Each structure stands twice: as C-alpha cells, then as structure tokens.
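A.B. asks: Return atomic coordinates for the entry below.
(one chain, ligands or ions: 2)
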Amino acid sequence: MRRSVATVSLSGTLRQKLEAIAAAGFDGIELFENDFINFNGKAADLRKITQDLGLGIDLYQPFRDFEASPPAQHLRNLERAERKFDVMQAMGAELVLCCSNTSPLVIDSPELAAEQLHELAERAKQRNLRIGFEALAWGKKTSLYGQAWDIVKRADHPNLGLILDSFHTYSLQDDPAGIADIPGDKIFFLQMADAPLLAMDVLQWARHHRSFPGQGEFDMVSFLEKTLLAGYTGPLSLEIFNDVFRETPNKRTAVDAMRSLLYLESQVRDRLAKAPATDVKAQRALKTIDLFNPPAAPKLSGYSFLEFAADETSAVSLGTMLEQLGFKRVGRHRSKAVVLYRQGDIHMIVNAQPDSFARARFNLHGTSVCALGLRTADPAAAVERATAMMSQRHDSPVGPNELHVPAMIAPGGNLVHFVSSELGDSGLYEADFILEDTAAVPGAGLHRIDHVALGLQLDQLDTWVLFSRAVLGLETGESLELADPFGLIRSRGVANADRSVRLVLNVSMSQRTRTAQTVSRTGGGAVHHIALDCADIFDTVAKLRANGLRFVPISDNYYDDLPTRMDIDPTLLANMRAAGVLYDRSAAGSYLHIYTESFENGLFFEVVQRIDAYDAYGASNAPARMASQAQQQ
Ligand SMILES: O=C(O)c1ccc(O)c(O)c1
Ligand SMILES: [Mg+2]
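C.D. replies: Ligands and ions are numbered 1, 2, ... in the order given. Here you go, the predicted model:
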C-alpha cells in the first residue's frame, strides 16, 4: 500500500519533518495547513522539496466548516475554497480534506450539505482537484462516517468522496462494519489513528492523545480490514495529534510511524489470509493490495541471560551484590574481561571489557544492564522479523571458537540477543566461557528471571509499547498509575503468551521521582530493576539476609492495614511482617515480593513468588517501596 503520514504527527520545522518522513521510507504526506502557513517559502518551493525527497502531497488538510452553511456564508466558503485550490495546485496536491462543520451556524439538512458539497466538487473538478468529506466526532450535524457517506452519496459527484478516520469512529463507539459496504472508489483517503481508552471530552482526546496504530487500544485491524474489503486501494495514512510526539525527536517518531503501518498491514494480511476462498471481497483485497508480509514474530521461551556493563571497579562491587543474592561466579570469558554468574536457571554476565559495546554503554550510563538474552527456537528469524519491523541488527565481534548470537538494538540502545533454545542451559556458555564450575547452583533458591523493569522517558513509552508488540510479539497488560512521594509513575507490563518473558515499562510523570532521576542519569530506556522468582520467598529471604543483603524496609502500618483490605491468613501476615515481604492478590492468584536496596543508588532487585495464576506485578505495593526508598534517602 502507499504509505503516508500527516505532518502534524511529528515535531520540528516543516523541512525537518519532511526529511524524517522521507528517511523512514514513506511515499507521501498529509500536509497540515498550519505547517504550510508558517513555512518560509512558496507552494512551488514546497513542491520542489517534496519531489526531491520522493514524497507526494497525498492530502491537503483541513478545510473547515463548509457543509450546510447559510447562503451568505456559503458564498464566502466557496471563495475561501478557491484560494485553497490555488495553493494546492501550486504545490501539486490533488485532494483536500473537508471536515464536517463544527460552526453553530450549520443548518440541519443533509440535502443542503449534499448540494453545497456538490457545488464545491464541481469547482474542484474545473481544476482537476478532488474533495474528501470527513465526519469529525464533534461535528455539529455530521459526526459518524455513515452520515458523511449518506451526504456524499446524495451529492453524487465524481470529484467528491469520503475520508475515513478510525479515531472518529471508535471514539464515538461506532461500528466500522458498515464500511465494507461502501464502494471502495468512493473512499478517497484513509486516516488511521489509535488511542488509549480515556473517559474525557472527545475533542481533547482527539487533539492530544491519539497514538500510532499498535500503541493504543482501538481495534485498528478491523478498521483497515473493513476498508480494504470495501475495495479501497488508496493511501494508508497516519494522522496523530499527540502532545508528546510534538516534542519527541522526529526521526524516532517517523520510524515508529512506519513500524506501526508495517505491523498493522501484516496483521490485516494475516486476518484476510484466513478468510474462506468463497469470501470474494477478502480474496480481491489480497490480490489487489500489496500488504507487508514480514517473518512471524518470534516465539520466546524465557530469558537466557542479562548482561551488565561495568568497569573494573564496579564489576567487583556488582559481583559482590550478585553473590549476596546467591549467585555463584561460574566462569570467565575466553578472550574478554567478562564474568558469568549463575543461580538456578538465571545467568548474569558482568562485562568489563574495554573497547566493547558494553564499555560504550558504561561510559554513557554507568553500571547498568546493556543487553538481554531471550530464548527462541529460531534466532535468525527473530532478527529478520526485527529488521523487517525497522529495528537495527547488531553483530558483535566474535572471537575464535565463540558463538555468534544474533542481536538487535532495542529503543534506547540496549541489545536484545536471541539465543537458540536448542543450546539448553549451558550450551551458550560452554563455547564462550571457561567454566570453572558446571554443577547446579541452588544458591538462595532464586531460579528464574520473572521480569525486567525499564525506566523510560515519557516519550519512550509509546515507542516501547509498539516495539514490544510489533518486534517481540508481546502482549500488553493494563496501564496503571502509581503514587511515588514526588509524583506519579505510569506502569505497564508486557509479556509473551506463556509469560516466560515479562517486561515492565515505567515512566515518571514528574521530574522529581527517584525513577525520573534514574532515567535522567541513564538517558532512559535503562533497566530499573530485575525481579527474580523463587518457590519459597521466606526461605529465600532468610538466606539472602544471612548473606548480608539489605532490603527496603516496609512500614509496620502496611501490615496493620493489609487485613483491613482483604482476608489474609494471620500466620502468613506474621511471616510477611517479620520478613518485610509485600503481598498482592487478584482473582487469579497472589504475589509475595520484596525489594533489595539499590546498587550504587540506581538499579535494584526484586524477589518474587507467584502463587497460582497471578499475572501482574504487585503495582499496588510500589508506593510502599517508593515511600520507603524516599525516607531512606
Ligand atoms: O482536530 C481536528 O480539527 C481535525 C482536523 C482534521 C482531521 O482530519 C481530524 O481528524 C481532526
Ligand atoms: Mg482525520
């Protein structure tokens, strides 16, 4: 499909936006009128710039408050339209978006709306231009695509068609099913916009909180599917009004935009491919439209390792903390200053090799996680999926007899390695490490990485949600807001289907929280804490305390309050109070957990025990931790 994006969706000057859009591989743009009005150049200059960049101006927009106007206003509207047509012809734009009337002057008459739009279309025809009519969700008389289509049908002019925008349909909880029955050649343009589900005024929602498909909660796949079933073959475009995107570096936004369309196309393609051979519309769409078809998202089967970037000094202090956590140093790398720690099925690599990727990360971010290893059956296919979805692959230098582990760069710059699940527990390490000890390490009973929590900058959250879904094939959990003593933290879990890989994405809405301070120190996208799973948290915590590991203390008041919120076994409560363990419960199960003190004031660990099918992260207890950390500082 031809792929477009509205200039309003990115930050920067018009020229910078166009360069970012072209660099991400788009075919065209929706030119937002304000971008042109404030552009220091003529329409012909813009035509030249877009042509040089290989971009078409697929849509000029918006033209407001036109249909069903009182007669005097209508004459002024036609005059206004002629001036827009002048500009469009000079820049080489052929289609203008006319959005439904929001003026109090509008007359409640679809007949008049059709008559006036017919007249506008006739004038457009004189200049070889076309008009697309879009229902704004807050249009005074026309707010649904069905109403807009009724008017377009009545107007019956070849130069007048319909423009669809998924936001307006879903924000009013309208059903897109009827789109499939509209003749495809009367749909002139398609704008896709996703959004989080928010209970707020629809205009504010639309102007500030839209997101790229795959970042929000609307059913983007069905909307595009219905439009293709109608027989639409025009551009697939993104029109995203979002306050955060207005400040996000536009090269990243443009990549997110393209990733979003590629992901959406691939999902719709999969859906259409499942339609029966007798579904004529689906078969026609598959035959006539070239939808992106990447390798499937990887099936992940757990964490293989975490790798820390360190220097000579912090490698020693981090090693001490890992040993207090029950890890054992089991090997060193054949050719590099890299040490392997193990406990249960958990592998931690501490990399202090000068002149390495890890050292570059250390120099930027301090002692921090610089790579995740994820197990999957087909690492090469996983990296192909990643590059198809616009992530960059990364090939580390490989020494003699060392294994090549395919990797890609995650948003923010850390690496994700894909480790073949066939290698088993030690396979990866036998090649690259001189193993000093191959016996199992029961340690303190930690046996698996439960989740890895990231601290993100505000503008990295949507990027990560889309990356998690499109590149890693993860599912998103609910978005929660947690109270830190110095502001709100927004937190969202993402996980694979069998929950063997879980990430938690945390963003501070305030500059003053501890999370915000860590994020600003690390540049964002860094691992904020690592949760390790055990079978008996009281036994494990006792062992860890005996090793000298310190935990964030929890107020006695917390344990006094807990039984007022839920029924809880008194013995369990007493054990939790004695051990400093926190508790959460859902319909599916329960969760016992405790947080360690931080390493060098940043990263910390969480010890967790999941009971039954509990599927969350103890978010209701995060304020207890954050308040305690603040009181310790
Ligand atoms: O918010 C608006 O005014 C506006 C303008 C043009 C559009 O296509 C749209 O969806 C919204
Ligand atoms: Mg729109």
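A.B. asks: from here on, contacts and neighbour counts on C-alpha atoms
C.D. replies: Will do.
A.B. asks: Tell me where the stretch 501-633 of the chain has helices.
C.D. replies: Per DSSP state H, counting those that start in this stretch, the stretch 501-633 of the chain carries helices over the ranges 514-522, 537-546, 556-565, 570-579, 622-632.
A.B. asks: Least confident secondary structure element in the protein?
C.D. replies: Ranked by mean pLDDT, DSSP states H and E, the helix or strand of the chain with the weakest confidence is helix 514-522, at a mean of 83.
A.B. asks: Put the alpha carbons of that helix into CSV.
C.D. replies: The C-alpha trace of helix 514-522 is given here as CSV (Å, rounded to 0.1, in the frame of the first residue of the first chain):
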residue,chain,number,x,y,z
ARG,A,514,13.5,8.6,42.1
THR,A,515,12.6,6.9,38.8
ALA,A,516,12.8,10.2,36.9
GLN,A,517,16.2,10.8,38.5
THR,A,518,17.5,7.4,37.5
VAL,A,519,16.1,7.8,34.0
SER,A,520,17.7,11.2,33.5
ARG,A,521,21.0,9.8,34.8
THR,A,522,20.9,6.8,32.5
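A.B. asks: list the buried ones in stretch 209-227?
C.D. replies: Across stretch 209-227, burial judged by 16 or more other CA atoms under 10 Å covers 209-216, 218, 220-227.
A.B. asks: tell me which residues of the longest helix seen in the chain are tucked away?
C.D. replies: With secondary structure taken from DSSP state H, the chain has its longest helix at helix 250-273. Going by neighbour count (16+ other CA under 10 Å), the buried part of helix 250-273 is 250-269, 272.
A.B. asks: just stretch 327-336 next, same as before
C.D. replies: For stretch 327-336, burial by neighbour count (16+ other CA under 10 Å) applies to 327-334.
A.B. asks: Could you name the helices and strands sitting against the longest helix of the chain?
C.D. replies: Counting contacts by 3 or more CA pairs under 8 Å, 6 or more residues apart in numbering; DSSP states H and E, helix 250-273 is packed against helix 14-23, helix 220-229, helix 280-288, helix 461-470.
A.B. asks: Okay, now the unreliable bits of the stretch 501-633 of the chain?
C.D. replies: By pLDDT under 70, the low-scoring segments of the stretch 501-633 of the chain are 633.
A.B. asks: do the chain as well
C.D. replies: For the chain, residues meeting the criterion pLDDT under 70 lie at 633.
A.B. asks: Report the separation between Ala44 and Val8.
C.D. replies: From Ala44 over to Val8 the distance is 21 Å, taken as CA to CA, to the nearest Å.
A.B. asks: Which residue of these two possesses the greater neighbour count?
C.D. replies: Neighbour comparison, Ala44 and Val8: the larger count goes to Val8, with 23 against 15 (by other CA atoms under 10 Å).
A.B. asks: now that one, nearest residue through space, not along the chain?
C.D. replies: Closest residue to Val8 apart from its sequence neighbours, by CA to CA, 6 or more residues apart in numbering: Phe32 at 6.0 Å.
A.B. asks: what bridges to the one you found?
C.D. replies: Beta-bridge partners for Phe32, by DSSP bridges, are Gln61.
A.B. asks: Count the residues that sit near it.
C.D. replies: 18.
A.B. asks: Over to Arg342?
C.D. replies: 26.
A.B. asks: Identify the residues contacting it.
C.D. replies: The contact partners of Arg342, taken as CA atoms under 8 Å, 6 or more residues apart in numbering, are 327-330, 348, 441.
A.B. asks: Please apply the same query to Arg332.
C.D. replies: By CA under 8 Å, 6+ apart, the contact list for Arg332 reads 338-340, 433-436.
A.B. asks: With neighbour count, distance to Ser479 and secondary structure added, can I get the residues you listed in a markdown table?
C.D. replies: Output for the contacts of Arg332, formatted as a markdown table (neighbours: other CA atoms under 10 Å; distance: CA to CA, whole Å; DSSP: H, G, I helix; E, B strand; the rest coil):
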| residue | neighbour count | distance to Ser479 | secondary structure |
| --- | --- | --- | --- |
| Val338 | 20 | 37 | strand |
| Val339 | 24 | 37 | strand |
| Leu340 | 24 | 35 | strand |
| Phe433 | 20 | 41 | strand |
| Ile434 | 16 | 44 | strand |
| Leu435 | 18 | 42 | strand |
| Glu436 | 11 | 44 | coil |
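A.B. asks: and these, which two are the farthest apart?
C.D. replies: By the measure CA to CA, Val338 and Glu436 form the most distant pair in the contacts of Arg332, at 13.4 Å.
A.B. asks: about what we covered before: just name the closest of the contacts of Arg342 to Leu75, please.
C.D. replies: Among those, and counting by CA to CA, the member closest to Leu75 is Met348, at 72.8 Å.
A.B. asks: element containing that closest one, please.
C.D. replies: In the assignment (DSSP states H and E), Met348 maps to strand 346-351.
A.B. asks: Pull the following helix or strand past that strand out as PDB, backbone CA atoms only.
C.D. replies: Using DSSP H and E, the helix or strand that follows strand 346-351 in sequence is helix 357-365. This file holds the C-alpha atoms of helix 357-365, laid out as PDB (Å, rounded to 0.1, in the frame of the first residue of the first chain):
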ATOM      1  CA  PHE A 357      29.800  -2.300  23.200                       C
ATOM      2  CA  ALA A 358      29.400  -2.800  27.000                       C
ATOM      3  CA  ARG A 359      32.100  -0.200  27.800                       C
ATOM      4  CA  ALA A 360      30.400   2.300  25.500                       C
ATOM      5  CA  ARG A 361      27.200   1.800  27.400                       C
ATOM      6  CA  PHE A 362      29.000   2.000  30.700                       C
ATOM      7  CA  ASN A 363      30.600   5.300  29.700                       C
ATOM      8  CA  LEU A 364      27.200   6.700  28.800                       C
ATOM      9  CA  HIS A 365      25.000   5.200  31.600                       C
END
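A.B. asks: helix, strand or coil for the residue nearest to Val527 when sequence neighbours are not counted?
C.D. replies: Among residues not flanking Val527 along the chain, Leu454 sits closest, at 4.3 Å (CA to CA, 6+ apart). Assigned with DSSP: H, G, I helix; E, B strand; the rest coil, Leu454 falls in the strand class.
A.B. asks: For Leu454, give the beta-bridge partners.
C.D. replies: For Leu454, the beta-bridge partners are Leu505, Val527 (DSSP bridges).
A.B. asks: swap in Leu372?
C.D. replies: With DSSP bridges as the rule, Leu372 is bridged to Leu306, Val416.
A.B. asks: neighbours around it, how many?
C.D. replies: By other CA under 10 Å, the residues close to Leu372 number 24.
A.B. asks: Val501 versus Glu475, what's the distance?
C.D. replies: 10 Å.
A.B. asks: which neighbours do these two share?
C.D. replies: Ala495.
A.B. asks: and those two? which has more neighbours close in?
C.D. replies: The neighbour count for Glu475 versus Val501, taken as other CA under 10 Å, is higher for Val501 (20 against 16).
A.B. asks: Pull the contacting residues for the more buried one.
C.D. replies: By CA under 8 Å, 6+ apart, Val501 lies in contact with 300-303, 374, 450-451, 495.
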